[in-house]
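> return atomic coordinates for the entry below.
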Amino acid sequence: MIEALPQSDPDKANGNRHWWNRTVIGAGITSALGDFCYETTTVILPGFLSVLCIPAAALGIIEGIADMVASFTKMLAGFAADKLGHRKLLVVVGYTLTPVGQMLIALAAGWPLVVMGRVVSWFGKGLRGPLRDAIVIQSIRSETRGRAFGFHRAMDTVGAVLGPLIGVALLGWAHTIKWQDPSGPFRLVLWLSVIPGFLAVVAFLTLVRDPAHSPNPALRFFSSLRALPGRFKRYLGAVGVFGIGDFSHSLLILAATQLLTPSHGVVLAAQIAGLLYVGRNVVQVVTSYPVGVFADRWGSLPVLIVGYVLGVTTAILTAAAFFFEVGSLPLLAAIFVTAGVYVAIQEALESTVTAGFVNQETLGTSLGALGTVNGTAKFISSAAIGVLWTVVSPVFSFGLAASLMAIGTVMLARLQSESGDGTK
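Residues are numbered from 1 along each chain as shown. Next up is the predicted model:
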């Protein structure tokens, strides 16, 4: 267990409620629909940019800008919720902005509107993320956080599986139709993805109950940040360094597309790459709940370290695929499977580790700080990896990513060794 600070007892606050409750289930359904919406865009965006003649560097920058916007939004949203006590309305607004952003991308003829659409979607993602997590955390007992978040992330990824899978199938069907504009099939899929996005808003409004949360009007932004526990700040440092190497997995899709194109052609290569990404999401669905169970039993921090090691492995294997110019489906499948496991661990446990380090009264601010560190790091990573891919080589870019992720993993392991126990 970590060093505990004086804090409110979440078990008393939620009445020893079982983790399998209406709020957890409703948040899971909402996330599944939301991911159905924007992950469909994620899987077809590289191909869409290709037909618009937008290079890999632009994809990295677009994803990086979107992540940065989401990250700073998380910080401000978390603080606002702690100060004002209003969370559910902000989450609803966040989910509404996701399909609005998809509509802008569907209308794009070049990179400016793509950037705008991605920024709008990710602003909504940043607005809802820490507040939704805070609602889930405060609706369950502390000793079942891993399972609750494992279930939530599994549901989240169900949408990330079904959306891209249906999107790839629709893309293949749409290519059989005669289009004057080669971007037509991609635009069709983008427009259809808006439907589950708006259904997510309805699901959250009707199913999720926000536990009682008193406003704290005396809370000050910078004072609350300075007051965060020192060990939590060191944890954020490790997360940040790892995140600088933790590139957007849109680049993994692009990598698979480029490696497969010589033997399959660009359209089939893009479809296979999309299916590999779907496979990554399936792995994430299957492993998310077991990850949560392991974390509840052995500690969140040790399991998170294992996830970080798998992240390093993903980057090394991708660099090796480019170095040896191997467009092998088994190797690419191994890369995406490894990525699926490490993302399942990362997404399920980074928030639960945070909840163990901080006071419940500043939980929103702390989760916002985590999101800001992650998003800022991923902005640097996605932009840098994309640019270095174009300017130097993909081998160098993914090799650098692996090195940074390894440093972050070592920092996290040192944090664990301070007390020699797990974080629950």
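
> only C-alpha atoms for contact and neighbour calcs from this point on.
Fine.

> please compute how far the helix or strand where Pro330 lies lies from its chain's middle.
If you go by DSSP states H and E, Pro330 is part of helix 329-357. Distance, stretch centre to chain centre, for helix 329-357: 10 Å (C-alpha atoms, centre = their mean, to the nearest Å).

> now swap in stretch 397-405 and tell me
19 Å.

> ditto for stretch 186-206
18 Å.

> which parts of that stretch are buried?
For stretch 186-206, a neighbour-count test (16 or more other C-alpha atoms under 10 Å) marks 186-187, 189-194, 196-201, 203-205 as buried.

> in helices only, show me those residues.
186-187, 189-192, 194, 196-201, 203-205 (DSSP state H).

> pull the helix or strand with minimum mean pLDDT from this structure.
Lowest mean confidence among the helices and strands of the chain (mean pLDDT, DSSP states H and E): helix 10-13, at a mean of 42.

> residue boundaries of the strands in the stretch 201-350 of the chain?
Using DSSP state E, counting those that start in this stretch, no strands are assigned anywhere in the stretch 201-350 of the chain.

> what stretches of it score poorly on pLDDT?
For the stretch 201-350 of the chain, applying pLDDT under 70 flags the ranges 212-222.

> that one: helices as residue ranges?
221-226, 230-245, 250-264, 266-298, 300-323, 329-357 (DSSP state H, counting those that start in this stretch).

> adding mean neighbour count and distance to Gly124, write those out as TSV.
Converted to TSV, the helices of the stretch 201-350 of the chain look like this (neighbours: other C-alpha atoms under 10 Å; distance: least, C-alpha to C-alpha, whole Å):
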stretch	mean neighbour count	distance to Gly124
helix 221-226	12	21
helix 230-245	22	21
helix 250-264	20	19
helix 266-298	23	22
helix 300-323	22	26
helix 329-357	23	18
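
> so for Phe72, which of those sits nearest?
helix 221-226 (13.1 Å; C-alpha to C-alpha).

> picking up where we left off before, specify the angle between the next helix or strand after the helix holding Pro330 and helix 250-264 in degrees.
Scanning forward in sequence from helix 329-357 by DSSP H and E, the next helix or strand is helix 363-391. Helix 363-391 and helix 250-264 meet at an angle of 30 degrees, taking axes from the mean of the first three to the mean of the last three C-alpha atoms, to 10 degrees as the criterion.

> now the angle from helix 363-391 to helix 230-245?
Using the same axes, to 10 degrees: helix 363-391 against helix 230-245 is 30 degrees.

> centre of the chain versus the helix or strand following helix 363-391, how much separation?
Using DSSP H and E, the helix or strand that follows helix 363-391 towards the C-terminus is helix 394-417. Computed by C-alpha atoms, centre = their mean, the chain-centroid distance of helix 394-417 equals 18 Å.

> residues in contact with helix 394-417: which ones?
For helix 394-417, the external contacting residues (C-alpha atoms under 8 Å, 6 or more residues apart in numbering) are 231, 234-235, 237-247, 301-302, 305, 308-309, 311-316, 318-320, 322-323, 381, 384-386, 388-389, 422.

> buried set for it?
Buried residues in helix 394-417, counted by 16+ other C-alpha under 10 Å: 394-413, 415-416.

> pLDDT on that helix, on average?
Taken as a whole, helix 394-417 carries a mean pLDDT of 93.

> what do you get for stretch 36-45?
pLDDT averaged over stretch 36-45 gives 80.

> which residues does it contact?
By C-alpha under 8 Å, 6+ apart, stretch 36-45 touches 98-99, 102, 121, 158-164, 167-168, 186, 189-190, 193-197, 250, 253, 274, 277.

> quick one: the helices in the stretch 1-150 of the chain?
According to DSSP H, counting those that start in this stretch, the helices that the stretch 1-150 of the chain contains are 10-13, 22-51, 56-84, 88-106, 111-137, 145-174.

> ok, which of the ones you listed comes nearest Val291?
helix 145-174 (6.4 Å).

> quote the end-to-end distance of stretch 238-258.
Using C-alpha to C-alpha, to the nearest Å, the gap from the first to the last residue of stretch 238-258 comes to 32 Å.

> tell me who's in contact with Leu199.
Counted by C-alpha under 8 Å, 6+ apart, Leu199 has contacts Thr30, Leu33.

> rerun that using 7 Å as the cut-off
By C-alpha atoms under 7 Å, 6 or more residues apart in numbering, the contact list for Leu199 reads Leu33.

> just the one 5 residues further on next, same as before
Phe204 is in contact with Gly26, Ala27, Thr30, Val92, counting by C-alpha under 7 Å, 6+ apart.

> nearest residue to the spatially most central residue of the chain in space, please, no chain neighbours.
With distances taken as C-alpha atoms, centre = their mean, Glu347 lies nearest the centre of the chain, 6.6 Å away. Nearest residue to Glu347, sequence neighbours excluded (C-alpha to C-alpha, 6 or more residues apart in numbering): Arg153, at 7.0 Å.

> can you get me a residue count around that neighbour?
When neighbours are defined as other C-alpha atoms under 10 Å, Arg153 has 27 of them.

> got it, and Trp20?
Neighbours around Trp20, by other C-alpha under 10 Å: 14.

> what do you get for the one 4 residues further on?
Applying other C-alpha under 10 Å, we find 26 other residues in the vicinity of Val24.

> hang on, the earlier thing: would you confirm that the residue nearest to Glu347 contacts Pro290?
No. With contact defined as C-alpha atoms under 7 Å, Arg153 does not reach Pro290; the gap is 11.2 Å.

> re earlier: pick the one among the contacts of Phe204 closest to Phe294.
Of all those, Phe294 sits closest to Ala27, with 21.9 Å by C-alpha to C-alpha.

> could I get the helices of the stretch 201-350 of the chain as TSV with distance to Leu363?
Shown next, in TSV, are the helices of the stretch 201-350 of the chain (distance: least, C-alpha to C-alpha, whole Å):
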stretch	distance to Leu363
helix 221-226	11
helix 230-245	12
helix 250-264	30
helix 266-298	20
helix 300-323	17
helix 329-357	7
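
> alright, calling it a day.
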